[in-house]
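# Please find the sequence and the predicted model below.
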Amino acid sequence: MKVVIIRYSEIHLKGNNRDFFERVLINNIKTVLKDFTYDFSVSNARYVVRNFDELYLDQIVDAIKNVFGVYSVSVAEEVESNFQAIQQAALAIAPSFGTFKVQTNRASKKFPMTSMQISAQIGGDILQQNPNLSVDLFHPENIVYIDIRENGKTFVYSQIIKGVNGMPVGTAGKGVCMLSGGIDSPVALYMMAKRGMTLRAVHFHSYPYTSLQAKQKVLDLAKICKKYTLHLTCDVVNFTEIQTQIHDKLPPEYEGYLITLMRRFMMRIAQKIARNNDAGAVVTGESLGQVASQTLEGLTSTDGVATMPVLRPLIGFDKDEIVEISKRIGTFETSILPYEDCCTIFLPKRPVIKPKLYIVEELERLLDVDALVKQAVDTVETIVID
Ligand code: ATP
Ligand code: MG
């Protein structure tokens, strides 16, 4: 019978909290498997999935290996622990060319042969079946694993598929991620989910200055992100009124402060939404020096209105590195679709690189900040991503 073996990562380091971490991880694995029927069991620091429809094997493996906390996955043949059955399973998965070795682990000492004897005997059988192979004990291209368990069963497999690692989502608090349609913020969201954070997304749009496609693009990105966050809700904030007011009230000589003011509004609103949803941090896709608003002074002016931690997991990343991750996690192709972001429509010709806080605060006196924030939060459109 084909089974899926799941090994987990860092969480085994978590001493007293181990039960909690494991419970969340198991729950998360079950969440991604909710459309399949299967049996699930826990044995010796790993999990085994059995009795599923083999037609869905690839989908099941793909879903499991993307759960944070999963270190690796193997598809194994589970057989009775008797020599013939093990031999037959090993011959069936033996490589067709190259070098190999057989590696046996004998958890049950009741089995009448030692690990070495089993490896040697089955290695010989594999060679006899296919004389084109050769044995290499030190740097084999292929390994046939035989794992004799204590319950009278043996796993035979040849592949170890890497999982995404990280910590189970739901073990590291909750954050609200500012999700734009760009390349960076979905990666930032992914990175925090990878460390176990539960996430909610907030997106600012300026309909009709930004199109409905631009909003849909963000929801599409959120859908891809949900593969990693397991559950995801996106609050869509109508930012039109705030942008219009800033644009209209800002004296022309301070036009360069437009982005600074916008970003402080975004931070205030994201924080309110965070607080309303029991979240304790705001996450952004900013990276130091990437654009005018991401200088140290720019970040400082945004943080001037922050009353909770602002997490910027990409702060030290180059664009190349961010692009590489976005390709790997599957958001890149959607991120590069050409729809405009609300930050780009009222773009000043010369944004200030080093905004001065006393000027920012003076400019904000021209606006009814609290009322604008309240209105934006009150009219938020909450979309559960499915
Ligand atoms: P991204 O690729 O994530 O859009 P960026 O390099 O374009 O980032 P900015 O546009 O300055 O940089 O945005 C910086 C961060 O602010 C984004 O990573 C995101 O977290 C947040 N942000 C910007 N625009 C929006 C928006 N319309 N809705 C929600 N968050 C936004
Ligand atoms: Mg952007």
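Ah, there it is. Ligands and ions are numbered 1, 2, ... in the order given.

# ok, Val169 - contacts?
Val24, Asn28, Phe68, Ala193, Gly196, Met197, Thr198, Leu199, Tyr228, Thr229, Leu230 (C-beta atoms under 8 Å, 6 or more residues apart in numbering). Where C-beta positions appear, they are placed from N, C-alpha and C, glycine not excepted.

# Next, the fifth one: phi, psi?
Main-chain torsions, Gly196, degrees, to the nearest 10: phi 100, psi 0.

# Find me the pLDDT at the residue in the stretch 201-350 of the chain that ligand 2 sits nearest to, would you?
Across the stretch 201-350 of the chain, no residue is closer to ligand 2 than Asp341, which sits at 4.7 Å (C-beta to the ion). Here the pLDDT value assigned to Asp341 is 71.

# just checking, it touches Gly182?
Yes: the criterion here is C-beta atoms under 8 Å, and Asp341 meets it with Gly182 at 6.6 Å.

# Please list the outside residues in contact with stretch 159-168.
6-7, 9-11, 21, 24-25, 28, 61, 64-75, 193-196, 228.

# Mark which of the residues you listed are buried, thanks.
6, 9, 11, 21, 24-25, 28, 61, 64-75, 193-196, 228 (16 or more other C-beta atoms under 10 Å).

# quick one, strands of the stretch 251-386 of the chain?
All strands of the stretch 251-386 of the chain, identified by DSSP state E, counting those that start in this stretch, fall at 281-283, 310-311, 381-384.

# any chance of these in JSON lines, plus mean pLDDT, mean neighbour count and distance to Leu133?
Putting the strands of the stretch 251-386 of the chain into JSON lines (pLDDT from 0 to 100; neighbours: other C-beta atoms under 10 Å; distance: least, C-beta to C-beta, whole Å) gives the following:
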{"stretch": "strand 281-283", "mean pLDDT": "98", "mean neighbour count": "26", "distance to Leu133": "50"}
{"stretch": "strand 310-311", "mean pLDDT": "98", "mean neighbour count": "19", "distance to Leu133": "51"}
{"stretch": "strand 381-384", "mean pLDDT": "98", "mean neighbour count": "12", "distance to Leu133": "53"}
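
# want to throw those strands into a markdown table with distance to Gln216?
Formatted as a markdown table, these follow (distance: least, C-beta to C-beta, whole Å):
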| stretch | distance to Gln216 |
| --- | --- |
| strand 281-283 | 22 |
| strand 310-311 | 27 |
| strand 381-384 | 11 |
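
# Which among the ones you listed is found nearest to Val48?
strand 381-384 (32.3 Å; C-beta to C-beta).

# quick check, that closest one touching ligand 1?
No: applying C-beta under 6 Å from any ligand atom, one finds strand 381-384 separated from ligand 1 by no less than 13.1 Å.

# Sort out for me which of the contacts of stretch 159-168 are in strands.
Ile6, Arg7, Val70, Tyr71, Ser72, Val73, Ser74, Val75 (DSSP state E).

# ok, which of the residues you listed also contact ligand 1?
Restricting the ones in strands among the contacts of stretch 159-168 to those near ligand 1 - C-beta under 6 Å from any ligand atom - leaves none.

# For those residues, work out which two are farthest apart.
Top of the distance list for the ones in strands among the contacts of stretch 159-168 (C-beta to C-beta): Tyr71 and Val75, 15.4 Å.

# Need phi/psi at the closest residue to ligand 2 within the chain.
Closest residue of the chain to ligand 2, C-beta to the ion: Gly182 (3.5 Å). The phi/psi pair for Gly182 (degrees, to the nearest 10) reads phi -80, psi -170.

# Rebuild the ones in strands among the contacts of stretch 159-168 as CSV, extending it with distance to Pro168.
Below are the ones in strands among the contacts of stretch 159-168 laid out as CSV (distance: C-beta to C-beta, whole Å):
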residue, distance to Pro168
Ile6, 12
Arg7, 14
Val70, 9
Tyr71, 12
Ser72, 15
Val73, 15
Ser74, 20
Val75, 22
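
# Apart from its chain neighbours, what residue comes closest to whatever residue of the stretch 51-200 of the chain ends up closest to ligand 1?
Residue of the stretch 51-200 of the chain nearest ligand 1, by C-beta to the nearest ligand atom: Gly182 (2.1 Å). Distances taken as C-beta to C-beta, 6 or more residues apart in numbering put Ser335 closest to Gly182, at 5.9 Å, once the chain neighbours are dropped.

# So what's the residue count around the one you found?
23 (other C-beta atoms under 10 Å).

# next one: Gln290
Applying other C-beta under 10 Å, I find that Gln290 has 17 neighbouring residues.

# residues touching it, list them.
Asp184, Lys319.

# again with Gln245
Per C-beta under 8 Å, 6+ apart, neighbours of Gln245: Leu367, Leu372.

# Now do the SS call for it.
helix (DSSP: H, G, I helix; E, B strand; the rest coil).

# what's the answer for Ile146, then?
strand.

# Give the bridge partners for it, please.
Beta-bridge partners recorded for Ile146 (DSSP bridges): Thr104, Val156.

# how much space between it and Phe36?
Look at Ile146 and Phe36: by C-beta to C-beta, to the nearest Å, they are 27 Å apart.

# Of these two, which one has the most company?
Ile146 (24 against 14).

# okay but the more buried one is in contact with Met116, surely?
No: counting by C-beta under 8 Å, Ile146 does not reach Met116; the two are 11.7 Å apart.

# Pull up the overlap in contacts between these two.
Thr104.

# For the stretch 101-250 of the chain, what lies in contact range of ligand 2?
For the stretch 101-250 of the chain, the residues in contact with ligand 2 (C-beta under 5 Å from the ion) are Ser180, Gly182.

# coming back round to it: in contact with the residue of the chain closest to ligand 2, which residues?
So Gly182 contacts Gly285, Ser335, Asp341 (C-beta under 8 Å, 6+ apart).

# What are the phi and psi values at the first one?
With angles defined as degrees, to the nearest 10, Gly285 shows backbone torsions of phi -100, psi 20.
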